[in-house]
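K.L.:
Turn this into a model:
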Amino acid sequence: MSYTFNISLSVLNHLGRNLYRSFLTVIGEAISNSWDADAQNVWIEIDRESRCMFIVDDGTGMTESDFQDKFLKIGYSKRKDNEVASAKKRPYIGRKGIGKLALLSCAKKVHIVSKAQGNEIVGGLIDNSGLDRAIIDDISTHDYPLEQFSDEARKKLDCLSSGTAIFFEEIADGIYNTIEYLRKAIALHFRFSLIDSSFNIYLNGSTVTVDALDDLAQSTQFVWQINAADDPYLRTKISPTVNPAVKSYKVVNSSLRMYGFIATTRKPSELKIRGTNERVSLDLFVNGRLREKDLLKHMPTARIVENYLYGQIHYDALDNERDIFTSSREGVLSDDPIFADFLSELETKVRAIIEEWDKLREKEGDDGDPDNVRITPKTRKAKELFAATVNEMIPSDVAPPRGIVESWVGKLREEAEYNIPSYAECFIAENLLRQHIRHNAIQLTTEAQAAVAKWRRQEQDSKSRANISYDIRQLLDDLQYLSMDDLANLVDKPADPLKDAGIGRDARVYKPVRDAVGHTSLITDTAKTQLSVVFANIQARLRQLLGENSPNP
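P.N.:
Predicted coordinates:
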């Protein structure tokens with residue numbers, strides 16, 4: 001007596017019938033099959049109201065034996081026969097032979113019809129309600145015949161010499177994705193045209209091209225091309241020669257034979273695909289097919305730039321004799337050494353890009369990476385405040401020509417990192433000294449009273465000329481009219497200004513440079529150095545004075 005395996009239909013559920021969770025994944029599997037079949041065109045027709053979809057291609061199609069022994073044979077893969085490419089030399093996408101199960105996962109009924117050159121149409125209908133009953137009854141694959149396909153499905157092949165058509169009836173949970181979203185997602189995730197420009201995908205009658213990604217391209221600010229990459233999105237959408245929104249475009253070389261690009265948008269919100277909860281990410285492609293989304297999850301940096309970054313990396317070396325892709329075909333086995341080497345190389349490039357991004361953002365006057373310690377937090381905030389103020393003050397249509405104004409702003413930007421913190425230091429230091437004087441009830445000297453009287457008269461004269469009758473200062477006490485040198489002399493005046501150290505002597509040196517900063521003047525490098533040194537002394541002494549005000553424990 002001879003014995004044979006008898007596979008229960010319930011195995012289909014475990015192998016892959018429920019592995020493919022998204023509607024887009026099902027479309028992708030069908031597109032991949034069309035690619036493997038050397039199709040030149042794939043037509044996708046979606047009727048959201050009727051919950052139906054057709055996917056038709058003009059590939060080689062299937063004979064009766066192909067349909068029975070290859071398509072319906074779960075686990076059949078051309079690679080097992082040492083076939084790695086099609087007649088058109090396209091590298092095969094399929095590996096495990098279970099991807100076809102994705103086609104069963106999203107509709108109540110799936111009609112599959114196919115025609116090879118010079119052969120009759122073959123195919124059948126898979127009724128998922130009947131399949132579910134067969135699984136419950138635990139019947140074998142030999143005992144479950146396919147039903148007759150519909151004339152509607154057959155007619156799709158009438159005008160084709162060869163090809164395959166799949167008709168999905170009553171798609172589960174409806175088709176909640178908009179056609180606009182699906183067009184963008186297909187353009188973004190199924191980049192087979194990178195390998196073969198004659199491979200065309202049509203969605204509801206219109207060709208899917210990189211034009212669907214125009215809004216993403218217009219939001220792109222910086223681009224790093226990885227090795228030589230003839231990518232239509234790079235070439236036609238985010239090259240600086242065609243897209244003025246792109247402010248920097250650089251080539252990054254790698255010793256690995258990977259190619260593609262990494263880019264950043266102006267704002268994190270611009271990575272979201274409009275009308276959806278989907279975000280564009282840094283994705284891995286192998287032989288033109290998306291193999292893993294969001295590569296950054298393998299190299300977490302916890303840096304803010306991750307919220308701006310997207311891209312596509314193609315690395316065909318991952319398609320080798322070992323099958324390193326997960327059963328869901330939506331990921332790579334992380335313990336594979338080739339994948340580990342790839343991630344290590346990519347992480348090196350990403351970290352260099354993160355460092356460069358901060359400098360480029362600073363140059364453009366945008367917020368950068370707060371965790372980057374190449375400049376102090378105080379300087380970074382000054383630059384950000386300057387940029388925000390400039391953006392509010394200067395409209396895009398300002399005259400004289402914007403280019404001239406931007407050159408003026410560029411010169412001021414470098415000075416702002418010094419002047420703005422200096423003003424903040426002065427504002428804080430002087431007002432803390434005033435509080436210290438009030439707290440300790442320090443009386444004004446005759447010299448200080450004279451200074452107060454002088455500045456009160458000047459303010460009153462200015463208000464009279466301007467016809468101002470309201471109060472300008474929140475507080476009207478005498479301390480509000482004293483500057484750093486006057487305030488310092490009240491709390492820490494040296495007996496001999498030429499010999500004895502004290503905050504009063506430092507404040508005297510500080511005053512002329514402080515006045516220049518307060519009057520928004522640009523100061524010399526020598527003055528900057530002097531102001532920094534003197535203020536460091538004032539700051540140290542101010543800490544001591546303020547410490548004296550602390551209550552005893």
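K.L.:
helix/strand/coil for the residue nearest to residue 292 when sequence neighbours are not counted?
P.N.:
Nearest non-adjacent residue to residue 292, counting by CB to CB, 6 or more residues apart in numbering: residue 284, 4.3 Å away. (Glycine included, C-beta is placed from N, CA and C.) Following DSSP: H, G, I helix; E, B strand; the rest coil, residue 284 is assigned to strand.
K.L.:
Can you get me a residue count around residue 284?
P.N.:
Neighbour count for residue 284, taken as other CB atoms under 10 Å: 25.
K.L.:
now the one 4 residues further on
P.N.:
When counting by other CB under 10 Å, one arrives at 21 neighbours for residue 288.
K.L.:
Disregarding residues adjacent in the polypeptide, which is nearest to it?
P.N.:
Using CB to CB, 6+ apart and skipping the chain neighbours, the partner closest in space to residue 288 is residue 192 (4.3 Å).
K.L.:
What distance do you get for the residue nearest to residue 72 when sequence neighbours are not counted to residue 55?
P.N.:
Distances taken as CB to CB, 6+ apart put residue 146 closest to residue 72, at 7.8 Å, once the chain neighbours are dropped. Relative to residue 55, residue 146 is positioned 18 Å away (CB to CB, to the nearest Å).
K.L.:
Please enumerate the helices of the stretch 1-150 of the chain.
P.N.:
Ranges of helices in the stretch 1-150 of the chain, per DSSP state H, counting those that start in this stretch, are 10-12, 23-36, 64-66, 128-136.
K.L.:
can you tell me which of those the model trusts least?
P.N.:
In terms of mean pLDDT, the lowest-scoring of these is helix 10-12 (a mean of 56).
K.L.:
From what I see, the residue nearest to residue 292 and residue 316 are in contact.
P.N.:
No. Contact criterion CB atoms under 8 Å: residue 284 and residue 316 do not qualify, at 10.8 Å.
K.L.:
coming back round to it: quick check: beta-bridge partners of the residue nearest to residue 292?
P.N.:
Residue 284 forms beta bridges with residue 292, residue 313, as assigned by DSSP bridges.
K.L.:
which ones are touching it?
P.N.:
By CB atoms under 8 Å, 6 or more residues apart in numbering, the contact set of residue 284 is 290, 291, 292, 293, 295, 313, 315, 318, 332.
K.L.:
let's see 7 Å
P.N.:
Shown in contact with residue 284 (CB atoms under 7 Å, 6 or more residues apart in numbering): 291, 292, 295, 313, 315.
K.L.:
likewise residue 125?
P.N.:
Taking CB under 7 Å, 6+ apart as the contact definition, residue 125 lies against 109, 111, 146, 147, 148, 149.
K.L.:
how many neighbours does the fifth one have?
P.N.:
Going back to what we said before, that points to residue 148. 10.
K.L.:
do the same with the first one
P.N.:
The local packing count at residue 109 equals 19, with neighbours defined by other CB under 10 Å.
K.L.:
Of all the residues in the helix or strand containing residue 533, which ones are buried?
P.N.:
If you go by DSSP states H and E, residue 533 is part of helix 525-547. By neighbour count, with 16 or more other CB atoms under 10 Å as the criterion, the buried positions of helix 525-547 are 527, 528, 530, 531, 534, 535, 537, 538, 541, 542, 545.
K.L.:
Just list whatever residues bridge to residue 203.
P.N.:
What pairs with residue 203, by the bridge criterion (DSSP bridges), is residue 44, residue 206.
K.L.:
can you list the domains in the chain?
P.N.:
Domain ranges of the chain: 10-177, 210-363, 377-547, per automatic domain parsing.
K.L.:
could you say what helices and strands the lengthiest helix in the chain packs with?
P.N.:
Assignment by DSSP state H gives helix 402-439 as the longest helix of the chain. Applying 3 or more CB pairs under 7 Å, 6 or more residues apart in numbering; DSSP states H and E, one finds that helix 402-439 contacts helix 377-393, helix 484-492, helix 503-518, helix 525-547.
K.L.:
how does it look with 10 Å?
P.N.:
helix 337-363, helix 377-393, helix 484-492, helix 503-518, helix 525-547 (3 or more CB pairs under 10 Å, 6 or more residues apart in numbering; DSSP states H and E).
K.L.:
How about the first one, which residues are buried there?
P.N.:
Yep, that's helix 337-363 we're talking about. Residues 339, 342-343, 346, 349-350, 353-354, 356-358, 360-362 are the ones in helix 337-363 that count as buried (16+ other CB under 10 Å).
K.L.:
what does the average pLDDT come to for it?
P.N.:
For helix 337-363, mean pLDDT rounds to 91.
K.L.:
now it against helix 377-393, angle please.
P.N.:
For helix 337-363 against helix 377-393, the angle by axes from the mean of the first three to the mean of the last three CA atoms, to 10 degrees is 60 degrees.
K.L.:
thinking again about what came up before, intersection of neighbour lists for residue 284 and residue 316?
P.N.:
Both residue 284 and residue 316 are contacted by residue 258, under the criterion CB atoms under 10 Å, 6 or more residues apart in numbering.
K.L.:
picking up where we left off before, using CSV, please lay out the contacts of residue 125 together with distance to residue 50.
P.N.:
Listed next are those as CSV, based on distance: CB to CB, whole Å:
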residue, distance to residue 50
109, 13
111, 14
146, 23
147, 20
148, 21
149, 18
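K.L.:
Return the member of these nearest to residue 27.
P.N.:
Nearest to residue 27 among the contacts of residue 125: residue 111, at 16.4 Å, using CB to CB.
K.L.:
Now do the closest one against residue 35, distance only.
P.N.:
Residue 111 sits 21 Å away from residue 35, going by CB to CB.
K.L.:
Can you check the pLDDT for residue 453?
P.N.:
Note for residue 453: predicted pLDDT of 93.
K.L.:
what's the answer for the one 4 residues further on, then?
P.N.:
Residue 457 carries a pLDDT value of 93.
K.L.:
now the strand or helix carrying it: how far from the chain's centre is it?
P.N.:
According to DSSP H and E, residue 457 maps onto helix 446-465. Relative to the centre of its chain, helix 446-465 is centred 57 Å away, using CA atoms, centre = their mean, to the nearest Å.
K.L.:
relative to helix 402-439, how tilted is that helix?
P.N.:
With the same axes, to 10 degrees defining the directions, helix 446-465 sits at 130 degrees from helix 402-439.
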